Structure formats: structure tokens, C-alpha cells
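Participant: The following block contains a protein sequence and its predicted model.
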Amino acid sequence: MDEVSVDPVTHSVITNALDEIAAEMDEIVVRTARNLPIVLAHDFSVGLTDGQGRLIGGTQGIPVHLGSIDMTVQMVIELVPEIEPGDVVLTNDPYRAANTHMPDFTMVSPVYGPDEDGDGDPVLYMALRADQADIGAKDPVRSPVDTEEAYNDGLIIPPVKVVRNDEVIQDVIGLITRNSRVEKVQRGDLSSMIGAIRKGKERSVELLERYGVETVRASTDRLLSTTERKVREYVADLPDGTYRGHSQTDANPKSDDPVHIRVAVTVDGEDVTFDFGGSSEQIRAPINNTIGVTHSAVNSAWFVTMDLDIPFNAGCVDVVDVEAPMGSIVNPEFPYATGYSTVDCVQETMEACLDALTEVNPRNAPAGWSRWVRPMTSGTYPGSGEEYRGAVSSVMGGGGAVWGRDGMNAIGGIILLGGFVGIDPEMFEAMYPMSIDEMDLRKDSGGAGRWRGGLGPTVEISPDGHESIFSVGGDFGRESPPHGHLGGNDGDSVRVFHERASGEREELERSWTNLYITDGRYVQESGGGGGVGDPHERDPEMVRRDVKNGYVSRAAAREEYGVVLSEDLAIDREATSRRRSDASVGGEDDE
């Protein structure tokens, strides 16, 4: 068959149509799912691949999802060879299907040409990955904090059909929902995902009918080859060499010893290798990275540091090879637990990659982001006795600054890159029997710099007339706070308290704890992002504005930025100039 050529206008129409298909699938999930983190926090992602399972696009969801969703599609293609046009496959298996972690369910379904009954090859695959409320883990929380084996994390689902010939297989759906403590929510979320997949397939067939199978295939091939060509040209201009990065998590549930992530990034011509040799070994705790999570961290770090205006698809990462030693923290053996891997150690893995890539392009790499500590909540609704599961998604810390821009406030961990949405307090209180008593940005929590780190919030939550379990997992960042970059200061670490009914506060020394709270409060002071550049080079007017907005104190303006402000926040230009000059030569002023 002769190769089909696609003119630029048709190519643009097709690629944008595929983006719109993904966006419509996204909207269906938002409007029909039952799980609050899906509906309001956008804890899901849509991915579209070509017939070979190569990512061609998707929604701007969560990088830890989208960065490896094509790996799962490819594993489904391999493990379920007879996928008919009306079939939908579901999996959450981190080992057999390269899924992220088990609470993330991934659905995959093929799209054939309008005149094909499964005899030909699929043209596209629809993929949807969404976080679930409860998958039957050993404790009544989404991800228990003390698991050692995958069996403790909940129901393991290898790739299995949940829809065959356009008919939902109720026996499989029933088996899954029966293993959830919130059956109605689980059934609703599965129905939502299936509905979105079906709509995506319907729209895709309409596209194929309009432009033809071969034209759409040629357009997706062109999209990937164009992206890969631009990336290879970018890599070819980078200096060859090996660049090393390191990060660590202090949230080792098993000991006080930190868990280390080490990576050597080698640039060789047009190819790049991320080698994690030397990283810590796997441990009997839920923070082992699945191989899918490790790839997501690599792909996300690689993408954000490239100085290119390109979409994220397989062409971006075809130049990248990942070497993750089996049995290490970044590629554990079954059945080591991985339930918290999308929090730890994925953020540390991305940090290590960025640390290495900073040497390649310093001004494209961000400062450190706040470590993400996301408590899971569970309990029983007073009165009805119905169980609930939730995630406190309003405690997201500050983002790290980048050259030319301040970090964003309350944006979440670095692996989210802003794709996760903080839940509105009123909606949280409407959905769960709890009250958010305080939510405010923490003054001075962002690292000082020419560009300031983003601030983290203080959040206080109290259960309403019942006992609620707050499962606290993640790294507080005390030993490794969000680092400053290019002369910027570090951001604050995370602090968590159990406030008793008496008002007395007990600070958690470490995470991986279940707090049982009835009359008291859960209090979290989320961390801030690191700053970039010398704080004394920040425009004094920007410092004054930060003080006025409550982001920076007058004392910090003086001590960290060298900006002297009067009580009415007027800039004392002479004192500011003198203080900054004295600081540059190591002197002290006498004010």
C-alpha cells in the first residue's frame, strides 16, 4: 500500500480533533464519577495512543498518570491479544501491566475502522486512569501506611475484560465492587470510566469515517515523528557527558535511615539514558516505585526541562532509555508494596532527575517543590452508618520558583505539576462529615530568592460528631527541605499536628501514622517551594507587594531580601541600598 500523505491543514484538524475527544472524555468523568478526588481534585487522566500503543495525546491530567499510561496500553496489547472492537479491559496491576499504583484503575479499549469487525489492526486505543476510593486494602483507607506486600494494598486486577462486545460483564464488576468498602461509589466510578471510554470510541469512529483510516494513521505517525525529530535536534545540541543527580526521602517507614534515589543522566549524541544504579534497595514498605511510576518521573522531568514548544507524546521520550535495577526502590520485585509510590518515592525520583538535568540547562530547572503529604480520611457518616473515604487535597504545598517566575502557591507536589486541583472547602464539607476550621497561606514558607518560592497553606480539619481516621504518609522534608536554586533559599518543610480537644498540640515526629480523631483537629502546615536566584536581586517593589499581600513578613523582607520597609510599607530606598551593599561584602549595618 502506498504511503498516504497528509496536508498541514488536515493534519492540524485531525490532531486537534483527537485532543477534543480526550477533553470530552475528561468532562464526562468530572460530571459522572462519585469519588470526590476524581470529581473535584481531577485525580485522573485520559490518554490516547495509536494502534501500537504509542502515546499521541491526552488531557492535561496528572503527570504521574500520563507519563506511563502508554506502557500499560502496550502491556494490555501483549497480555490480551484478542481485544475486539466492543471490548474494554481493566487493570490496576503495577507488575504485570506497568500500572502506577493499585488504587489507580486503568481502562483500555481499541478503536477499529468503521468497516472493520476486528479483523484488521486497531487504529487507536482509548485509555483512562483514575484514582479509586477503596479497593479492599487491609485497613479502611485508600492506601494503608504500613503495608509490606502488594496483597495488603487491596485487590490486584491483572488485565481483564469488563466489557465484551459492548456488554458490561456484571460478574466482573460485581467482584470488584464487593471488594470495596464503598460499593456504591466504586460502582459509580467504574460506570463513569466505561461511559467516557465509550464516548471517546464513538467520537474516534466518527473521525475515521470522515477522514479515513489511513489518513488518520498517517497524521498520528507524522505527529510523533515531528516531535521526535525536534527532540533529537535539541539533544544533539546538548554537551555529551554524564550528569549526576540525587534526592532522598526521610519518610522511611522501617527505620530512621533515608531512602536514596541516585541517577546518572548520560547524553550521547541524540540519545539520553537515565541510569538509577546506586539507588537504595527495595524495602518492605509502601514507598517502592512501580516501574510505571519511575518512567513517569523520568518523562516528566525530561519534558519540563526541554526548551521546546511541543506537545507531550511518545515522540518526546523515544530518545530516552531508563535503566532501573530490578530489586531497587525504583523497580521492586513482586510482591513488594507500592501503595504510596505516587507520593513517595516518585517525587524524590523526579527531584533526582531534575538535579542531574540542572547541570545541562540550569535556567530551565525549577527549585525544589514542597514535599507532598496528603492525608487520607475514612470513617462513618453519623446517622446513616454509611462508610466514606476521602483525601484531604487542600493541603498542597508551594511550588518551586523557576528562572523568571515565582513559584505557585498551594500547588502540590512536583510530580503533579499543577494538574491536581485543591478541593474547595465548601464542597469538602458538603461531601464529608468534617469542618475545615482554618485554611490560610503560611507567611514566609516560600524560599527567598530573586524569584520567590510558592507558599504552602495551614489547614485545620475537625470531624463532626464522629471518629475519623487520618492516615498520614509522605516525607515531611525536614532533612531534605525544598532546595533553593542558583542562590535562592530553601522552602519550609511540612509539619503535622494532632490538636487535642484541650487545645494542646502534639507534633508528629514522622509520618506513616494513623491518627484517630474525634474531638480534636488534624492540623497540617504544608511546606513552601525553594527560591531561585539571589534574594537581594529581587525588585524591592515586588518584596513590598509580597509583604502587603501577607506572603512575606517585614522581618523577612529586611533579613532575607535586604529591603527595609516602614510601618506603612514604604520602601526606605537609602537603607535598602546600604543594607544590600553591606551584605554583598559581608558587613552589617547598624540600623
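Facilitator: Looks like it arrived, so ask away.
Participant: who touches the closest residue in space to Gly397 that isn't next to it in sequence in this structure?
Facilitator: Distances taken as C-beta to C-beta, 6 or more residues apart in numbering place Ser370 nearest to Gly397, at 2.4 Å, with adjacent residues excluded. From N, CA and C alone the C-beta is placed, and that goes for glycine too. Neighbouring residues of Ser370 by C-beta atoms under 8 Å, 6 or more residues apart in numbering: 396-399, 413, 454, 456, 477, 482, 491-492, 494, 526-529.
Participant: For those, pick the one with the most neighbours.
Facilitator: Within those, Gly529 tops the neighbour count with 40 neighbours, counted by other C-beta atoms under 10 Å.
Participant: wait, isn't that residue in contact with Val402?
Facilitator: No - look at Gly529 against Val402 with C-beta atoms under 8 Å: they stay out of range, at 9.8 Å.
Participant: so what sits against both of those two?
Facilitator: With C-beta under 8 Å, 6+ apart, Gly529 and Val402 have common neighbours 366-367.
Participant: Pick the one among the contacts of Ser370 closest to Pro433.
Facilitator: Among the contacts of Ser370, Met396 lies closest to Pro433 (C-beta to C-beta), at 22.5 Å.
Participant: Just the pLDDT for that closest one.
Facilitator: The model reports Met396 with a pLDDT of 88.
Participant: Let me know the distance separating the residue sitting nearest the centre point of the chain from Met396.
Facilitator: Note on the chain: the residue nearest the mean C-alpha position is Leu416, at 3.0 Å, using C-alpha atoms, centre = their mean. Counting by C-beta to C-beta, to the nearest Å, the separation of Leu416 from Met396 is 8 Å.
Participant: Show me where the stretch 51-200 of the chain dips below the pLDDT cut-off.
Facilitator: Along the stretch 51-200 of the chain, the parts satisfying pLDDT under 70 run over 116-119.
Participant: Helices of that one, residue ranges please.
Facilitator: Ranges of helices in the stretch 51-200 of the chain, per DSSP state H, counting those that start in this stretch, are 63-66, 69-79, 150-153, 170-178, 183-211.
Participant: Helices of the stretch 251-400 of the chain, residue ranges please.
Facilitator: Ranges of helices in the stretch 251-400 of the chain, per DSSP H, counting those that start in this stretch, are 291-305, 314-317, 346-360.
Participant: Now do the shortest one: which elements does it pack against?
Facilitator: Spelled out, that is helix 314-317. In terms of contacts (3 or more C-beta pairs under 8 Å, 6 or more residues apart in numbering; DSSP states H and E), helix 314-317 is packed against helix 213-236, helix 291-305.
Participant: Now Leu55. Nearest residue, chain neighbours left out?
Facilitator: Nearest to Leu55 is Asp70, by C-beta to C-beta, 6+ apart, at 4.0 Å.
Participant: mind checking how far that neighbour is from Ile28?
Facilitator: To Ile28, Asp70 is 21 Å away according to C-beta to C-beta.
Participant: ok, now Ala430?
Facilitator: According to C-beta to C-beta, Ala430 and Ile28 sit 22 Å apart.
Participant: Buried deepest among the helices and strands packed on helix 314-317, which one?
Facilitator: Of all the helices and strands packed on helix 314-317, helix 291-305 carries the top mean neighbour count, a mean of 26, counting by mean count of other C-beta atoms under 10 Å.
Participant: Is it correct that Leu208 is in contact with Val216?
Facilitator: Yes - between Leu208 and Val216 there is a contact at 5.7 Å, judged by C-beta under 8 Å.
Participant: intersection of neighbour lists for those two?
Facilitator: In contact with both Leu208 and Val216: Val123, using C-beta under 8 Å, 6+ apart.
Participant: How is the protein partitioned into domains?
Facilitator: The chain breaks down into these domains under automatic domain parsing: 8-228, 366-533, 535-581.
Participant: tell me how far the ends of the longest one are from each other?
Facilitator: To tie it back to what came earlier, the one meant is domain 8-228. In domain 8-228, first residue to last residue: 18 Å (C-alpha to C-alpha, to the nearest Å).
Participant: swap in stretch 152-162?
Facilitator: 24 Å.
Participant: Select, out of the helices and strands packed on helix 314-317, the one closest to Asp43.
Facilitator: Ranking the helices and strands packed on helix 314-317 by proximity to Asp43 (C-beta to C-beta) places helix 291-305 first, at 14.4 Å.
Participant: average model confidence for that closest one?
Facilitator: Averaging pLDDT along helix 291-305 gives 96.
Participant: Convert it to PDB, retaining C-alpha atoms only.
Facilitator: The C-alpha trace of helix 291-305 is given here as PDB (Å, rounded to 0.1, in the frame of the first residue of the first chain):
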ATOM      1  CA  ILE A 291       8.400   0.700  37.100                       C
ATOM      2  CA  GLY A 292       5.500   2.800  35.600                       C
ATOM      3  CA  VAL A 293       5.900   5.400  38.300                       C
ATOM      4  CA  THR A 294       9.700   5.600  37.700                       C
ATOM      5  CA  HIS A 295       9.100   6.100  34.000                       C
ATOM      6  CA  SER A 296       6.600   8.900  34.700                       C
ATOM      7  CA  ALA A 297       9.100  10.700  37.000                       C
ATOM      8  CA  VAL A 298      11.800  10.500  34.300                       C
ATOM      9  CA  ASN A 299       9.500  11.600  31.500                       C
ATOM     10  CA  SER A 300       8.100  14.500  33.500                       C
ATOM     11  CA  ALA A 301      11.500  15.800  34.500                       C
ATOM     12  CA  TRP A 302      12.800  15.400  30.900                       C
ATOM     13  CA  PHE A 303       9.800  17.200  29.400                       C
ATOM     14  CA  VAL A 304       9.700  20.200  31.700                       C
ATOM     15  CA  THR A 305      13.400  21.000  31.200                       C
END
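Participant: and that helix, what other elements does it pack with?
Facilitator: helix 63-66, helix 69-79, strand 271-275, helix 314-317, strand 320-323, helix 346-360.
Participant: among the ones you listed, which is nearest Pro286?
Facilitator: Nearest of those (C-beta to C-beta): helix 346-360, 12.1 Å.
Participant: buried stuff in that closest one?
Facilitator: 346-358, 360 (16 or more other C-beta atoms under 10 Å).
Participant: just to revisit the earlier point, the more surrounded of Ala430 and Ile28?
Facilitator: For Ala430 versus Ile28, neighbours defined as other C-beta under 10 Å are more numerous around Ile28 (20 against 9).
Participant: I figured that one was touching Ala196, is that so?
Facilitator: Yes - at 4.2 Å, Ile28 counts as touching Ala196 under the criterion of C-beta under 8 Å.
Participant: Provide a list of residues in contact with Ser553.
Facilitator: Shown in contact with Ser553 (C-beta under 8 Å, 6+ apart): 443-444, 547.
Participant: same question but for Ser480, I mixed them up
Facilitator: Contacts for Ser480 (C-beta under 8 Å, 6+ apart) come out as 247-250, 258.
Participant: Quick one: residues in contact with stretch 161-170.
Facilitator: In this structure, residues lying in contact with stretch 161-170 by C-beta under 8 Å, 6+ apart are 80, 84, 86-90, 107, 109, 172-173, 190, 194.
Participant: Let's see if you can find the most crowded of the residues you listed.
Facilitator: Ser109 (29 neighbours).
Participant: Just list the residues touching that one, thanks.
Facilitator: Ser109 touches 83, 87-89, 125-126, 163, 197, 200-201, counting by C-beta under 8 Å, 6+ apart.
Participant: Thank you kindly, that will do.
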